[in-house]
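>>> No sequence on hand, only this structure:
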């Protein structure tokens, strides 16, 4: 990849802004962390009640045995695709506009996987039996495949997050210097791996990133495909679909893009990165999200029209409960609020603003969680035999744990943002450069130097 | 008290009148139901019903449902075992698999239509056999090594004839996870290769001092 000649003043501002959150911590930060810890603490208390009294404190029963926990598991694993998959695909296609947001996307991946993986454990009721999944696990079970897929993806995503951080750690080590706390200096020195930007180091780093960005794509796709197979390989009317794998992967990328947009908007504001994360990133990600509203709409149409046309077996019950019955309100909110309205916001040039795109992203995130809930709960509500359909309402324990999970997600992002630069400084400086002024030549016409030229990254 | 009785009688009279009205346009029907008294678990059971009108004339093209009350876990209800349409002789024949052991109170039900009133008939069927799960034990495509039944607690249904081929096939369960294991080995080997590249980045001091002339990472000024 060629490197750019960027104005020194611009580069200086980029480094200052990128490293500023690492240099000092305000009172607001501690208050925010305290609030998140309080929510997590409440969730831990709720979980202790569940451990003590059993799953009876939840709304889960024999017929609807998966609820908020598994819906949230699918949701978090879904948004984990934000990162690595999106960042890897855009790296592979050499899209340079995304360089300002790859780090955030990779944060989301690692954090969402860490949080999402907790849910099956919570749903088990007896976490002490977790090891049984391995000791008595069967290769034939999608549950075991899921354990392998998620652990492989989490490891790969962590490596993929770390690799582009190495030059930025070196930058932090050299720029923050003695002003930073001792533990920070030690952290940056160790994590920088002695990076000085020698040709050997640059070659090794480039090669490592290239390998990982290719490998992580099939791994990421396999993760959500396997998650979908946990449903699709169960003998349940509502899960009986051959497109579940593709549908889950598309939904994962869709919600992942929305998560990036939201995080991008928050960190841009808090870290004063307006100069480096511009409308370009929002609009381009908005276009991607808009494309996925169409893909998701098509997948839903294809799924419901084929089953709805035949109305075989117990499907009429499922169809009725989604379209006009017990789940009609969330279902139509998902279709209209999660697919139609975000699509229209992005299509219309007047609403295709940063605030418009962020609004669309928030809608997508809310409705994609609802969509996961509908798959899990409405799917399990279809009776297998001649009995009255069951009902499910999440208890305060489940809702508290859900709130705790979102707080944990926010806390980990908050801590990450304090430990690591939230934008990939060296990549933005060397491969993206400043936003062209209106009427100026496109970024592809910027003068370039040799790949990772000496003295540029480093 | 008198008033309550009068109101009650009036309500009953109205109900009776309503019922009479509903039946007014529908001719009465009679259903006869024949089912075997004994069957073994998993047998295909054939049941017959014949629908005639009050004069004994057969009724064709009428849908007859064969129903049994079943319980599963803590739920109970009528399950339609099979359905059939009567022929010109008024006969409907249905077949279902006996999947539950014990006594079954079968019913043949004609639900009625615009012309004819509903009717039903009963028969007893005793299904002999052990308790048996209601779900299919083997479904889908059987891929050797991928969806073999579990080894622990596996029940041999019949004594296998040992041949070279059967011995070779017997190895499959042991090889169950090979495709998955192979994929994992490939991916984790690539991860190991990438980590090895990271060790190359961790430059030795000699290289670092040699590079001292060049600007360090980030110290571009």
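Yep, it's here. What you are looking at is a predicted structure, and each value in this text was computed from that prediction instead of being measured.
>>> sec struct for the residue nearest to residue A:289 when sequence neighbours are not counted, please.
Of all residues not flanking residue A:289 in the chain, residue A:257 sits nearest, at 4.6 Å (C-beta to C-beta, 6 or more residues apart in numbering or on different chains). Yep, even glycine has a C-beta here, placed from its N, CA and C like the rest. Secondary structure, DSSP: H, G, I helix; E, B strand; the rest coil: residue A:257 is helix.
>>> roughly how far apart are residue A:257 and residue A:86?
Distance, residue A:257 to residue A:86, by C-beta to C-beta, to the nearest Å: 7 Å.
>>> Could you do residue A:303 as well?
According to C-beta to C-beta, residue A:303 stands 24 Å off from residue A:86.
>>> who has more neighbours, the two?
Taking neighbours as other C-beta atoms under 10 Å in any protein chain shown, residue A:303 and residue A:86 compare with residue A:86 leading, 25 against 15.
>>> Now that one: closest residue in space, sequence neighbours ignored.
Nearest to residue A:86 is residue A:105, by C-beta to C-beta, 6+ apart, at 5.3 Å.
>>> So the one you found versus residue A:80, what's the distance?
As judged by C-beta to C-beta, residue A:105 and residue A:80 stand 10 Å apart.
>>> And residue A:134, by the same measure?
Relative to residue A:80, and taking C-beta to C-beta, residue A:134 is found at 22 Å.
>>> the more surrounded of the two?
Higher neighbour count among residue A:134 and residue A:80: residue A:80, with 31 against 9, using other C-beta under 10 Å.
>>> contacting residues around the more buried one?
The contact partners of residue A:80, by C-beta atoms under 8 Å, 6 or more residues apart in numbering or on different chains, come to A:108-110, A:112-113, A:116, A:153, A:157, A:223, A:252, A:256.
>>> quick revisit: can I assume the residue nearest to residue A:289 is in contact with residue A:288?
Yes. In this structure residue A:257 lies within contact range of residue A:288 using C-beta atoms under 8 Å: 5.4 Å.
>>> Need the residues touching each of those two.
Shared contacts of residue A:257 and residue A:288, counting by C-beta under 8 Å, 6+ apart, come down to residue A:86.
>>> Just want to know which of these two has more residues nearby.
Neighbour count, other C-beta under 10 Å: between residue A:257 and residue A:288, residue A:257 has more, with 27 against 20.
>>> Distance of that one relative to chain B?
25 Å (C-beta to the nearest C-beta, to the nearest Å).
>>> quick one on the thing from earlier: any shared contact partners between residue A:257 and residue A:86?
residue A:288.
>>> which residues in the stretch 101-250 of chain A form helices?
Shown for the stretch 101-250 of chain A, the helices assigned by DSSP state H, counting those that start in this stretch span residues A:102-116, A:118-123, A:132-135, A:142-162, A:165-176, A:182-191, A:199-232, A:244-270.
>>> actually chain B, not the one I wrote
For chain B, the helices defined by DSSP state H occupy B:2-24, B:164-170, B:178-201, B:205-210.
>>> Pick out the shakiest of those helices, pLDDT-wise.
Mean pLDDT per stretch puts helix B:2-24 lowest among the helices of chain B, at a mean of 48.
>>> From residue A:299, how far off is the residue nearest to residue A:86?
23 Å.
>>> Quick check: the residue of the stretch 51-200 of chain A found nearest chain B vs residue A:58, distance?
The nearest approach of the stretch 51-200 of chain A to chain B comes at residue A:171, 2.5 Å away (C-beta to the nearest C-beta). Separation of residue A:171 from residue A:58 (C-beta to C-beta): 48 Å.
>>> Give me the pLDDT value at the closest residue to residue A:377 other than its chain neighbours.
Nearest non-adjacent residue to residue A:377, counting by C-beta to C-beta, 6+ apart: residue A:392, 5.4 Å away. pLDDT, residue A:392: 94.
>>> Three-state assignment for residue A:392, please.
What three-state DSSP gives for residue A:392 is coil.
>>> do the same with residue A:352
Secondary structure, three-state DSSP: residue A:352 is coil.
>>> hang on, isn't it packed against residue A:344?
No. The criterion here is C-beta under 8 Å, and residue A:352 misses it with residue A:344 at 10.2 Å.
>>> out of these two, which sits in the busier spot?
Per other C-beta under 10 Å, whichever of residue A:352 and residue A:344 has more neighbours is residue A:352, with 18 against 13.
>>> quick one on the thing from earlier: what do residue A:105 and residue A:80 both touch?
In terms of C-beta under 8 Å, 6+ apart, residue A:105 and residue A:80 are both contacted by the residues residue A:256.
>>> Listing request: residues of the chain with sub-threshold pLDDT.
Since you didn't name a chain, this refers to chain A. The model of chain A has pLDDT under 70 over residues A:1-6, A:85, A:177, A:431-458.
>>> that's the wrong chain, I wanted chain B
For chain B, the stretches with pLDDT under 70 are B:1-25, B:72-75, B:130-176, B:203-221.
>>> Break it down into its domains, please.
As assigned by automatic domain parsing, chain B contains the domains B:27-128, B:141-152+B:161-204.
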